[in-house]
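Chemist: fold the following, please.
(2 chains)
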Amino acid sequence: MNFVKTVRQSFSKHGAQIVLVVSAALLLFSFVLGFFGPELFFRAYLVSFVFWVGMGLGSLAILMLHHLSGGAWGAALLRILEAGARTLPWLTIIGLPLYLSIPTLFVWARPEAAANPLLQQKAAYLNQPFFIARTIAYFVIWNGLVWLMARLGRERDADPTPRNQNRLRRAGAIGLVVFGVTVTFAAIDWIMSLEPEWYSTIFAAMVAIGGILASFAFVILLFVILARRAPLNAVSSPQLLNDLGNLLLSFVMMWAYLAFSQYLLIWSGNLTEEIPWYIKRLNGGWEWYAVFIGLMYFVLPFVLLIIRQVKRHGRLLGVVALLLVLTRWLEVNWLIVPVFEPSPVFTLPDLLVTLGMSGVYLVLLKRELGKRPLLDPADSNLETAQEWAHKAETATRGV
Amino acid sequence: MAEFETPEALVKAARRVREEGYRAVDAFAPFEIEELGDVLHARNVGLPLIVLGGGVTGLVTGFALQYWTTVIDYPLDIGGRPLASWPAFVPVSFELTILFASFAALLGMLALNHLPMPYHPVFNVPRFGRASQDRFFLLIEARDRFFRHATTRKLLEELGAYEVSDVEP
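Modeler: Residues are numbered from 1 along each chain as shown, chains lettered A, B, ... in the order given. Prediction:
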């Protein structure tokens, strides 16, 4: 009995360290397995990495969007978004093993590509040195944006003059353009080129919006959890949640629009070089993934987020957000794994990498969240959210 | 009917009047005042359901129209696809959903507001035109069971009304 108590106490004290150690151990064990079965390991690693890097990049994109557009919703989420963006330097390190994965995962990087005339013509773009150089460039640019937004943000917080506010806004505007271009190429390189004979102009936008959607859902989930206590409860109100729900709904609709547009165009065209992508993903059991993703990433959240009572209720909105985050994991699997497997499988490396990387990421995110106070009560951008929260509180107390 | 100079005064007056027990109360302002809805206990009058109904009707109409034309009335083999190819039906069904929902929203709003209405007594108050410019009006109808001409007028005056006028039917 005493032993259990001691364990529980030490866990609540050192919870983050324990999770970190356990998940790092799981990841290391999956590295060992990787020596025996590189393909299983690397593709599991790619799936988890695409999932979590989407969370980091999504936070950065939404942060820049908020600085560009303003609004109470973003002011209340500011610190969570900043912490999410600051995980990108860590993700840069977590992604390092993937540089070794290229000949294992990508057909165009293997010797047999020499016999394929189509891949020979694409070799000027799809070759290892250029591919690695591009990937390094993406991460340099993304980390640069994180650094810039963090620096300008701190300057604005210390000295909230209109001039500092405008610099932040300008950086957000330019940053979003740079972000759009780099994320497009990154998605083409690391996901679309797994099947180098296939191409779709919508694909990168679909992946990026899917990632931003999941990231926004994740941030809302964190906000709903954190806002049950001080200090974030001072800015949480049904009205704010309503705004967050509406914005989430618009991301859901945008993702559905892009995903369906790609399907409709390829289905209508019915061309032999385009349809194999869907044939793989709609057969052998993968069709249930497709149906489930369609229902859980669009239909159900769409219906729920239209209902006002759901949007204004913290816990219900949190459930919808959690559903979207979990479905994103299935979607990333559905995008990547059918390249290698005719039917859905779940292997030991999948389990180890998923748990390991998620644990490491969440601990790092918690660390970044702890670096700055979750709320700066003096921030004038928070006035609207504070006013809403104050009114909601007086209304429930019946004053 | 009482005229106020600021939205805050109007909200305060509306809240007080509700507390006094008046129920047949309405307010007029040149822009939306979110609190007023809560203070006056504005009810959900079912417009969302009308819009939803319009949307569903549009969806069914759009899908049925295409199904009927391509499968029943004029079956045509297009690239060897099944006659009932749902992906091709989505855009038109979607457009009709939006169209019917918009019509339902507009017409439902007009119907629930009893518009168009060529005559309404409030316009007999000459200054009421300023409700669409810079003044805020609170109306207590004579049919309210707490309505007593003198006391009601006095209450509104105490609440800081700029002018209190009687609305002739």
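Chemist: for the stretch 1-150 of chain A, which segments are assigned as helices?
Modeler: Secondary structure of the stretch 1-150 of chain A (DSSP state H, counting those that start in this stretch): helices at A:2-36, A:38-69, A:72-85, A:88-94, A:102-105, A:117-122, A:128-158.
Chemist: between those helices, which one is nearest to residue A:210?
Modeler: helix A:38-69 (7.5 Å; CB to CB). Using the backbone N, CA and C atoms, a C-beta is placed for each residue, glycine as well.
Chemist: tell me the gap between that closest one and the middle of its chain.
Modeler: Using CA atoms, centre = their mean, to the nearest Å, the distance from the centre of helix A:38-69 to the centre of the chain it belongs to is 4 Å.
Chemist: same check, this time on stretch A:67-83
Modeler: Mean-position distance between stretch A:67-83 and its chain equals 17 Å (CA atoms, centre = their mean).
Chemist: could you do stretch A:270-290 as well?
Modeler: Its chain's average C-alpha position is 24 Å from that of stretch A:270-290, according to CA atoms, centre = their mean.
Chemist: just the buried positions in it, please.
Modeler: Within stretch A:270-290, the residues scored as buried using 16 or more other CB atoms under 10 Å in any protein chain shown are A:274, A:277, A:278, A:280, A:281, A:282, A:286, A:289, A:290.
Chemist: which one of the helices of the stretch 1-150 of chain A lies nearest to residue A:194?
Modeler: Nearest of the helices of the stretch 1-150 of chain A (CB to CB): helix A:102-105, 6.4 Å.
Chemist: export the closest one as CSV, just CAs?
Modeler: This file holds the C-alpha atoms of helix A:102-105, laid out as CSV (Å, rounded to 0.1, in the frame of the first residue of the first chain):
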residue,chain,number,x,y,z
ILE,A,102,14.9,8.1,-48.3
PRO,A,103,16.2,5.0,-50.1
THR,A,104,13.9,2.8,-48.1
LEU,A,105,10.7,4.6,-48.5
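Chemist: who's in contact with the nearest residue to residue A:67 once chain neighbours are set aside?
Modeler: Using CB to CB, 6 or more residues apart in numbering or on different chains and skipping residues adjacent in sequence, the residue nearest residue A:67 is residue A:172, 3.6 Å away. Contacts here follow CB atoms under 8 Å, 6 or more residues apart in numbering or on different chains; on that basis residue A:172 touches A:63, A:64, A:65, A:66, A:67, A:68, A:149.
Chemist: in what helix or strand does residue A:172 lie?
Modeler: helix A:162-190 (DSSP states H and E).
Chemist: can you list contacts of stretch A:188-199?
Modeler: Contacting residues not belonging to stretch A:188-199 are listed as A:46, A:50, A:98, A:105-108, A:118-119, A:122, A:126, A:131, A:134-135, A:200, A:203-204, A:207, A:273-274, A:276-277, A:335-336, A:339 [CB under 8 Å, 6+ apart].
Chemist: next one: stretch B:157-166
Modeler: Where contact means CB under 8 Å, 6+ apart, the residues beyond stretch B:157-166 that reach it are B:1-5, B:9, B:12-13, B:16-17, B:125, B:127, B:135, B:138, B:149, B:153, B:156.
Chemist: how many other residues sit next to residue A:387?
Modeler: 14 (other CB atoms under 10 Å in any protein chain shown).
Chemist: quick check: phi and psi on it?
Modeler: Dihedral angles of residue A:387 (phi, psi; degrees, to the nearest 10) stand at phi -60, psi -40.
Chemist: buried residues, stretch A:178-187. List them.
Modeler: A:179, A:182, A:183, A:184, A:186, A:187.
Chemist: pLDDT at the first one, what is it?
Modeler: Right, the one you point to is residue A:179. Note on residue A:179: pLDDT of 96.
Chemist: same check on the fifth one?
Modeler: If you check residue A:186, the pLDDT there is 96.
Chemist: next one: residue A:19 from chain B, what distance?
Modeler: 43 Å (CB to the nearest CB, to the nearest Å).
Chemist: so what's residue B:96 up against?
Modeler: Counted by CB under 8 Å, 6+ apart, residue B:96 has contacts B:58, B:59, B:61, B:62, B:65.
Chemist: would you show me how to pick out the buried ones of those residues in PyMOL?
Modeler: Burial among the contacts of residue B:96 is assessed by 16+ other CB under 10 Å; the matching PyMOL selection reads:
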select buried, chain B and resi 58+59+61+62
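Chemist: with respect to chain A, which of the contacts of residue B:96 is nearest?
Modeler: residue B:59 (13.1 Å; CB to the nearest CB).
Chemist: what helix or strand is the closest one located in?
Modeler: Short version: residue B:59 belongs to helix B:47-67, going by DSSP H and E.
Chemist: what does residue B:139 give?
Modeler: Going by DSSP H and E, residue B:139 is part of strand B:136-140.
Chemist: and the least confident helix or strand in chain B by mean pLDDT, how far from the chain's centre?
Modeler: Across the helices and strands of chain B, mean confidence by mean pLDDT, DSSP states H and E is lowest for helix B:34-39: a mean of 76. Put simply, helix B:34-39 sits 14 Å off its chain's centre (CA atoms, centre = their mean).
Chemist: okay, buried residues for that helix please.
Modeler: Neighbour-count burial for helix B:34-39 [16+ other CB under 10 Å]: B:35, B:36, B:39.
Chemist: what about the last one, distance to residue B:10?
Modeler: Read it as residue B:39. For residue B:39, the distance to residue B:10 equals 9 Å [CB to CB, to the nearest Å].
Chemist: near chain A, which residues of chain B?
Modeler: B:35, B:38, B:48, B:79, B:81, B:87, B:88, B:90, B:91 (CB under 8 Å from any CB of the partner chain).
Chemist: list only buried entries from these.
Modeler: For these, buried by 16+ other CB under 10 Å: B:35, B:90.
Chemist: can you redo the residues of chain B next to chain A as a markdown table with distance to residue A:375?
Modeler: Below are those laid out as a markdown table (distance: CB to CB, whole Å):
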| residue | distance to residue A:375 |
| --- | --- |
| B:35 | 25 |
| B:38 | 26 |
| B:48 | 34 |
| B:79 | 58 |
| B:81 | 56 |
| B:87 | 47 |
| B:88 | 51 |
| B:90 | 44 |
| B:91 | 45 |
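Chemist: what's the closest of the residues of chain B next to chain A to chain A?
Modeler: The closest of those to chain A turns out to be residue B:87 (CB to the nearest CB; 5.1 Å).
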